[in-house]
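Chemist: Turn this into a model:
(4 chains)
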Protein chains: 2
Amino acid sequence: MNLKELARELGLSKTTISRALNGFPEVNEETRVRVEQAARKFGYAPNTSARRLATGRVGAAGIVLPGHLSDRYSAQTVEYVSGLAEGLAAAKIDLLMSPLLNGDEMAIYRRWISSKSVDAVILTDPVHSDPRIRLFVEKKFPFVLHGSTDVDLPYAWLDIDNEDAYRQATSYLLDLGHKEIAIIEGLAGFTFTEDRQRGYVETLTGRGLEPRSDFIVHDRFTTEAGFRATSRLLSMSPRPTALIVGSMMSTVGVYQAIRSNGWEVGREVSVIAHDDVFPYLSATDMVPVLTTTRSSVRLAGLKIAEMLVSILDGKDAPSLSVKWPVELIVRQSTAPPRT
Amino acid sequence: MNLKELARELGLSKTTISRALNGFPEVNEETRVRVEQAARKFGYAPNTSARRLATGRVGAAGIVLPGHLSDRYSAQTVEYVSGLAEGLAAAKIDLLMSPLLNGDEMAIYRRWISSKSVDAVILTDPVHSDPRIRLFVEKKFPFVLHGSTDVDLPYAWLDIDNEDAYRQATSYLLDLGHKEIAIIEGLAGFTFTEDRQRGYVETLTGRGLEPRSDFIVHDRFTTEAGFRATSRLLSMSPRPTALIVGSMMSTVGVYQAIRSNGWEVGREVSVIAHDDVFPYLSATDMVPVLTTTRSSVRLAGLKIAEMLVSILDGKDAPSLSVKWPVELIVRQSTAPPRT
DNA sequence: CCGAAATTTCAAACCGGTATGAATCTTTCC
DNA sequence: GGAAAGATTCATACCGGTTTGAAATTTCGG
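Modeler: The predicted structure follows:
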């Protein structure tokens, strides 16, 4: 059932039907009711492609799924994406995903732009002077960045205060008396990794301590990497008495490694992790319950969706940018170092 | 830059350009080269909406993201979805996701069908006599089901042999000498849950043992649920000496609970888990390394994408259906019960 | 009761591609 | 040399909506 058929059925013109269903004011109330009933009766819904072509609005936002390589988000992607999808759905915007098959991320974006496949895109995991930003700014194509960069162009972004999170975590451990603190962080190159590292390093130097480069680990956020890094760190001497871990997934491996060393978390080794808040892996189910810096990645997705909708509504993009604070939640995986 | 402009630029008709770019045989090779060069030079890509409208093919498959409630897949969804997306991308098909906001999943499908928003859909997590199947079969709308049902209609599905997986796991534990075996499974109602439970129950009764209903736990696949269930089970008397756990996420909680009880996995309590194979949470990083029934959910997604493409190419859907075997991989979390 | 204004409806153009059948240009062959 | 066959190209009709500007109808004031 298409518009023309429905029009014939009702003895009205396509125009009137279209307006009736789209809530235009210039249509008789009685007619509108009649049209709506008929539409429901015949199960009519406007053809998406046709409407898109006519309006020039696609009603979809695109996101490129990080491939196997950069799996920073693999564990948290669901949460993030479903936050995004939820926020976009509220504005009747679909979420189109494209996997990164052979590494040509820029090519995907270029195609999306020139073929008008999406109205806007969402970028994640920026690196320093991320080339994607320039592309979209130059093409004047709407987008929001999850994270932040040092690119000197006007655009919209949302980031959490990674630097401050690590400053808080490091300070807290120092206050407990720890001197040997290691961090198990994400892959080098990403700004979030560097922001966190800066928070850690500057807090140490601010207290007159010299950061040790072998106490800084960069790896993927997997249980395996967490396990491996921890095993290695604990075999050093002097060994770290406290660890700051960049993700909950790594932390599962960290806990296992500490235990397999015959030690106990919160006694021989203190642990603070950054928690993106997953429904399926909670800091309070760890034994002992885990001290975290917490920030919900789902809420970030939701907020980014709202920002995108604002931008599509014509709001000024750069002025929407925000940096969210992160809170340190002290639980039982942290304690003064044992002497 | 659109087709008409490019045509004027080249002094050719729209038809010729369209055919040149789409690889039709009746266009002069020299012309084709010229067109392709111009298209590249001007960055021309056909407008997606227009092409969709003209061809009647959308080039997108839809999937409804399970909401907060049914989070069976939350941890594995990324893997599954990126497998899907990868398989579909190979056939230039986009993946459109819609979150389940207020529970009207059927309404989303109905709208997709009548508005031709997608060419096909992917269904997951079926329940008994799942109403979605009938909808799509009746509307003759292409789809593939991940899982299986007892609906007596012809359609395409892919499932893993859950029943056999649990039969293998149960048998193995019985062979080791365990008599008190509990299972920590997914939410009741889903066929995968019931298939697994059947494999477990029938194996027990086949060996002359009476299944205990209080040794069968149904809950969400989260560390929290795993932790809670295990704590409760271990406080019973007689307590189970072995656990079969439905997901890796739950298993993280299970391990924690066993440890917080002062016990050791693979000594006081044996554990077998079903592993969907996540890059970020591996059975071999658990301490002790975890015995599993293994089946990659990413590969399942990939295969389902291929099935969908075949169906869109006109292949007979029902004949594509497959049930994948599951292999038991014995590691160190299982041992004879201690007497 | 008539003309003007307001309300409601309509025919046709348009969005930007693809597909059809005809038109034009080449080549082949008797 | 000219007709037939083959190779290219083209004008035009779609696809199914939205939008514009005009037409038809109703309402209202004097």
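Chemist: which ones are touching whichever residue of chain A sits closest to DNA strand D?
Modeler: The nearest approach of chain A to DNA strand D comes at residue A:3, 2.6 Å away (CB to the nearest atom of the strand). All C-beta spots, glycine's among them, are computed from the backbone N, C-alpha and C. Applying CB atoms under 8 Å, 6 or more residues apart in numbering or on different chains to residue A:3 gives the contacts A:14, A:17, A:18, A:44, A:46.
Chemist: Can you tell me the element residue A:193 falls in?
Modeler: Using DSSP states H and E, residue A:193 sits in helix A:191-206.
Chemist: Looking at whichever helix or strand comes after that helix now, give me its mean pLDDT.
Modeler: Downstream of helix A:191-206, the next assigned helix or strand under DSSP H and E is strand A:216-218. Across strand A:216-218, pLDDT averages out at 97.
Chemist: How about strand A:216-218, which residues are buried there?
Modeler: Residues of strand A:216-218 classed as buried by neighbour count (16 or more other CB atoms under 10 Å in any protein chain shown): A:217, A:218.
Chemist: which element follows it toward the C-terminus?
Modeler: Taking DSSP H and E as the definition, the helix or strand right after strand A:216-218 is helix A:223-234.
Chemist: Packing partners of that following helix?
Modeler: strand A:181-185, strand A:242-245, helix A:248-260 (3 or more CB pairs under 8 Å, 6 or more residues apart in numbering or on different chains; DSSP states H and E).
Chemist: Next up, phi/psi of the residue of the stretch 201-339 of chain A found nearest DNA strand C, please.
Modeler: At 17.9 Å from DNA strand C, residue A:312 is the closest residue in the stretch 201-339 of chain A, using CB to the nearest atom of the strand. When read as degrees, to the nearest 10, the backbone of residue A:312 gives phi -70, psi -20.
Chemist: Let me see the ranges of the strands in the stretch 51-200 of chain A.
Modeler: A:60-65, A:94-99, A:120-124, A:143-146, A:156-160, A:181-185 (DSSP state E, counting those that start in this stretch).
Chemist: now the residue nearest to the spatial centre of chain A: how far from residue A:278?
Modeler: Geometric centre of chain A, nearest residue: residue A:80, 4.9 Å, by CA atoms, centre = their mean. Distance, residue A:80 to residue A:278, using CB to CB, to the nearest Å: 10 Å.
Chemist: Could you give me the ChimeraX syntax to select whichever of the contacts of residue A:3 are buried?
Modeler: To isolate the buried members of those in ChimeraX, using 16+ other CB under 10 Å:
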select /A:17,18,44,46
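Chemist: Kindly present the contacts of residue A:3 as a markdown table, with separate columns for distance to residue B:164.
Modeler: Listed next are the contacts of residue A:3 as a markdown table, based on distance: CB to CB, whole Å:
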| residue | distance to residue B:164 |
| --- | --- |
| A:14 | 57 |
| A:17 | 55 |
| A:18 | 55 |
| A:44 | 47 |
| A:46 | 47 |
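Chemist: Output the contacting helices and strands for the helix holding residue A:193.
Modeler: Contacts defined by 3+ CB pairs under 8 Å, 6+ apart place helix A:191-206 against helix A:162-176, strand A:181-185, strand A:216-218.
Chemist: Tell me what angle it forms with helix A:162-176.
Modeler: Helix A:191-206 runs at 40 degrees relative to helix A:162-176, counting by axes from the mean of the first three to the mean of the last three CA atoms, to 10 degrees.
Chemist: buried ones in helix A:191-206?
Modeler: A:191, A:192, A:193, A:194, A:195, A:196, A:197, A:199, A:200, A:201, A:203, A:204.
Chemist: Spatially nearest residue to residue A:195, not counting backbone neighbours?
Modeler: Leaving aside its chain neighbours, residue A:195 sits nearest to residue A:162 (4.0 Å; criterion: CB to CB, 6 or more residues apart in numbering or on different chains).
Chemist: what's near enough to touch residue A:166?
Modeler: By CB under 8 Å, 6+ apart, residue A:166 lies in contact with A:183, A:195, A:196, A:197, A:198, A:199, A:200, A:203, A:244, A:293.
Chemist: so how far is residue A:334 from the nearest residue to it once chain neighbours are set aside?
Modeler: Once flanking residues are discounted, residue A:166 sits nearest to residue A:199: 3.3 Å by CB to CB, 6+ apart. From residue A:199 across to residue A:334, the span is 17 Å (CB to CB).
Chemist: And residue A:25, by the same measure?
Modeler: From residue A:25 to residue A:334 the distance is 62 Å (CB to CB).
Chemist: Show me which of those two is the more surrounded one.
Modeler: Legend: neighbour count by other CB atoms under 10 Å in any protein chain shown for residue A:25 and residue A:334, higher for residue A:334 (23 against 5).
Chemist: ok, the more buried one - contacts?
Modeler: For residue A:334, the contact set (CB under 8 Å, 6+ apart) comprises A:172, A:173, A:176, A:242, A:266, A:270, A:271, A:272, A:291.
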